[in-house]
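Asks: Structure of the sequence below:
(2 chains, ligands or ions: 2)
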Amino acid sequence: MNTHELERLLMQQPVSLLHRLARGRISRHFRSGKRKLVDLLLQASAENRPGLESDLQALIDQRAERPQPAPVENTRPPQARSRQDVPAPSRPHRTDDHGHHEPPVSLHEWLSGIGVPPPQPFVPDAWQVEALEKLAETDVVVSVPTGSGKTYVAIEATARAMRENRTVIYTSPLKALSNTKFTEFSRVFGPGQVGILTGDRREHSQAPLLIMTTEILRNLLYDAAGGEIDVRLDTLGLVIMDESQYLADPERGVVWEETLIFCPSQARLLLLSASIGNPQDIADWLTAIRPTPCSLIRHTKRSVPLRAGYLHPNEKLTPLFRTAGIPYGQPHLLHPEAKRLFMEYEEETGPSRSR
Amino acid sequence: MPPSIHPVDLVATLRQRNLTPAIIFLTSRRACDEAMQSFERSQVTLPKAQQEQIARVLTQVTEQFPSIAEHPLIETVQRIGVAAHHAGHLPSWKIAVEELMRTGSLDAVFATTTLAAGVDFPARTVVVTQSSIRKARDFTDLSASEIQQLAGRAGRRGKDLVGFAVITPSPYIDLTVLTKGLTGQPEAIHSQFVITYPMVLNLLKAHPREQIQSILAKSFAQFQLNQRTAVLETKLDSLRAEMEPFGPRVCSDWITQWQVFEQARKRKKPRSPFARQESPDVAARLHFLTPGRVVGVTRGRGIILRQYRSKGQHAPMVTLLREGGSLNECPASIVTQVFDRTFDCEETSSYPWCTPQTLEELTHHLTELPPRLPILPILAHQHEETPIDSSIIHTLGDFACPTCPSRQACQRDFPRASRVRQEIQRHIKSIQALQTSLWHRFQERIDVLEKFGYLNANAQLTADGEWARLIRIDHSLLITELIRAEAFGAIDPPLLAAIMASIAHDDDRPGSFPRGSTGLVTLLFQVRKLAESLTPHEAPPMLRADVAALTERWVSDQTLTWIGLARLTTMAEGDMFRLFARTIEFLSQLKTLKATHPSLAESADHAIAAMRRGVLEELP
Ligand SMILES: Nc1ncnc2c1ncn2[C@@H]1O[C@H](COP(=O)(O)OP(=O)(O)O)[C@@H](O)[C@H]1O
Ligand SMILES: [Mg+2]
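Replies: Numbering: from 1, shown residues only, chains lettered A, B, ... in the order given. Ligands and ions are numbered 1, 2, ... in the order given. Predicted structure coming up:
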């Protein structure tokens, strides 16, 4: 398709489709009119035309196939979403806010239960146990909400590899995080057991557990491929990549891909990621390119339940939703009080609002 | 009503509702600092016990990171139990605040959303005041993933039974973005694979060119492109099925034939396709010279097999079956009489323009014709029509459509068939592009590297390529070209560090800075010129003279303290730290060139050693 044809095709599409296409390509696209949006799309994808074309095609096809928004499952996780890059269609709107639902939660109920749980013996979660079991046989991708306890899996897996006299490399996206983990792991395994590598510094570089940023590991792998072996990659038994959702980082994501492509085949991979929309893709990809299959451990339930509230500038606090917990899949279930207060806010501050 | 709640009131409300400790996300570093200032003026004071706990934790962290002791906010933090945490702070200070949070010593932290990823930093409550964030000079709505990363910090395992995400409006808020983000699915992630020069050099060092495509095929980028391909292929299959009834007809490529014919006809409308440049008599006869028609010629009779236009003259021509079975191509003017007699003629699109069976039958008919045949009276119109553009006549003449038996079917099916065919071609092109795009981009990079002499014509590393592959940072081409241009000849460590800083620094926050030496100004001018000349192949770095000068100062004046340096500039300490840390990272890549560029590597080594002092020594 030449530019002209593409432009014409884009102009024929409804604005809503263009906005979906613009996600991740253009910032603040919701401010642009149709003509502007088409121009911006063409500009933004000058480098990757096929990507734009096929996304456009997918959206057009999808619209043709599914003229009606399909209802979405109201509990998470979803069983199978056909195309992950498409935002979940919203549940058909219930216009009737009063008849259908339970009465909205009161502030008192919403605030109840705050507190510190009594101390309990540490019992690993089922998903943690499963991740470790799977790791004995396969590579593993873990995608669970922030604060679930991914570090426990990393630590147990490391301990196991150390018992088998294998080297472990743990990568984090940030030097700051590497430092935190260095301190934390030194406390767990003993100071001599943990090393840290940066561009120009190495501490305990012979230790069985090495912490580094992903860039450093990528460079080690290139050196090894080029013949300059420097760290003992032959005894490498496990590579843990924390915060793997960085794979999608615009500037640095490529480093994660390079590292995963060249990661020695005898080493197990453990990818730890916050919740993402398509973790199965990552697992499928790794299964396709590595000799060992890759298992996915995924759940979306938070270990500590979350409640959402609205605090008005006049210090009035109300629940944000009608329910105490988050009504997954139903963003419109606003608490009437929050709705009223926010409308009041918009009205009063409206005309002068600007960025 | 104020546009947003006052920070002191906000923290008071959270305290009163037992919603502390809380992380309060604000839109900018400045907003965080201002919030802290508003506490400095307030009367809030913590109970003694909590103040002591904060002091204890701080003393502990300070043992490891002495620079914390000098932080101006220590007193405020201790008095009010509230701190700020953002990229303008030194890492050591951020570690201290994180530790204070972990130990539950603080009630609230004002933070920017840069905290979202990676840092272990949980609380009971998270307060969100914005629905968009600044990315590359522009505001972008927070994604569901980002909102959930923020909210995910609420509710500490083992310390909280429930966590709270509280939204409080500010002029930067769109409530629906937040409610959708809180209740929605996190977005799917997409590959951001790009092909960099160091990647090309390092791959070609270890693998021959023939293997590269299969290595690129292992990328997540290609995995996702394949997913798109699969969708397109399914669509292509159904399009091909849709295309089935529109296979070859009289002409094998009837769609194109019809399309061009249609175009020509449209331009010529409303006249009949057979224009008359020729004599009115001939022109009038042409309508009747259709396949199967018996005509009289100067000597004898014949049957028309086809009518066409000659290539050169565009003269009307006919193919004539003569008595005795010979086939003649002759001008239409050869026809003297048109008889009122036609035979069935099953046409074909190539010589002899009818099926063998028809040919045989017609040859037979010719011999059987009675000597006298009724002649059609043909009236030649004397018309005033202007002559038609000859190119149209030419185009039309090449087509048999007007007289084709399949004409009606073609006319009926053309719109749909051509649309489906277009779709098919578009899909095929897209699929090809998806399958080859990475390899094409890789080849483009090979071409550039060959042009500059890092690769030879067989895509093998040259001597320069061998060392250049060790430079695996942004702006690698500029750096290796500078080395080859001997810009760094016998360069002093401060100057080298300064240039590397200007290449490494990618932040455009303005500020005031010390001035650089004349040597630096001159060298930077050269670097800028080279960077500009490389623009078609690599985006130039910012090359800020001010940050270069700051770095030069730090490296050259070993008596300068961190505080002293900070006084020379308005740059935030955190930014200074990041600038130097990144510069050290760049210098450490130059250090790897020991074998080929010993003096440069040595200078880089000295520069690093000179930079690593004070605050920069605290962290590995
Ligand atoms: N099975 C468990 N039971 C109770 N607490 C746990 C369990 N697993 C992890 N934790 C605690 O959860 C908190 C968050 O864990 P962390 O590994 O930092 O989460 P993340 O998944 O974000 O990396 C830690 O304080 C950890 O001790
Ligand atoms: Mg973690």
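Asks: any idea how far the one helix or strand residue B:338 maps to is from the chain center?
Replies: Assigned by DSSP states H and E, residue B:338 belongs to strand B:335-342. Counting by Cα atoms, centre = their mean, to the nearest Å, strand B:335-342 is centred 67 Å from the centre of its parent chain.
Asks: Now do that strand: which elements does it pack against?
Replies: For strand B:335-342, the packing partners by 3 or more Cβ pairs under 8 Å, 6 or more residues apart in numbering or on different chains; DSSP states H and E come out as helix B:280-286, strand B:293-297. Every C-beta, even on glycine, is put in place using the N, C-alpha and C of the backbone.
Asks: Give me the helices and strands touching the first one, please.
Replies: Yep, that's helix B:280-286 we're talking about. Judged by 3+ Cβ pairs under 8 Å, 6+ apart, the packing partners of helix B:280-286 are strand B:316-322, strand B:335-342.
Asks: I'd like the next helix or strand past the shortest one.
Replies: When you say that, I think you mean strand B:316-322. Going down the chain from strand B:316-322, the next helix or strand is strand B:327-331, by DSSP H and E.
Asks: interface residues of chain B facing ligand 1?
Replies: Within chain B, the positions near ligand 1 by Cβ under 6 Å from any ligand atom are B:120, B:157-158.
Asks: what's the answer for the stretch 51-200 of chain A, then?
Replies: Residues of the stretch 51-200 of chain A lying close to ligand 1 (Cβ under 6 Å from any ligand atom) are A:122-125, A:128, A:146-152.
Asks: Now the strand holding residue B:338: buried residues?
Replies: Buried residues in strand B:335-342, defined by neighbour count with 16 or more other Cβ atoms under 10 Å in any protein chain shown: B:335, B:338-339, B:341.
Asks: Next up, the contacts around residue A:7.
Replies: Neighbour list for residue A:7: A:38, A:42 [criterion: Cβ atoms under 8 Å, 6 or more residues apart in numbering or on different chains].
Asks: how near is it to residue A:37?
Replies: 12 Å (Cβ to Cβ, to the nearest Å).
Asks: if we can go back for a sec, dump the residues of the stretch 51-200 of chain A next to ligand 1 to a markdown table, plus secondary structure, neighbour count and pLDDT.
Replies: Below are these laid out as a markdown table (DSSP: H, G, I helix; E, B strand; the rest coil; neighbours: other Cβ atoms under 10 Å in any protein chain shown; pLDDT from 0 to 100):
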| residue | secondary structure | neighbour count | pLDDT |
| --- | --- | --- | --- |
| A:122 | coil | 8 | 95 |
| A:123 | coil | 8 | 96 |
| A:124 | coil | 14 | 97 |
| A:125 | coil | 15 | 97 |
| A:128 | helix | 19 | 98 |
| A:146 | coil | 21 | 88 |
| A:147 | coil | 20 | 89 |
| A:148 | coil | 25 | 93 |
| A:149 | coil | 17 | 94 |
| A:150 | helix | 25 | 96 |
| A:151 | helix | 16 | 95 |
| A:152 | helix | 15 | 97 |
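Asks: Please identify which pair of the residues you listed lies farthest apart.
Replies: Taking Cβ to Cβ as the measure, those span a maximum distance of 20.7 Å, between A:123 and A:146.
Asks: can you pull the contacts of residue B:515?
Replies: So residue B:515 contacts residue B:549 (Cβ under 8 Å, 6+ apart).
Asks: again with residue B:497
Replies: B:551-552, B:554-555, B:583, B:587, B:607, B:610-611.
Asks: and it, how far is that from residue B:531?
Replies: Distance from residue B:497 to residue B:531, counting by Cβ to Cβ: 18 Å.
Asks: avg pLDDT for stretch A:50-63?
Replies: Throughout stretch A:50-63, pLDDT has a mean value of 77.
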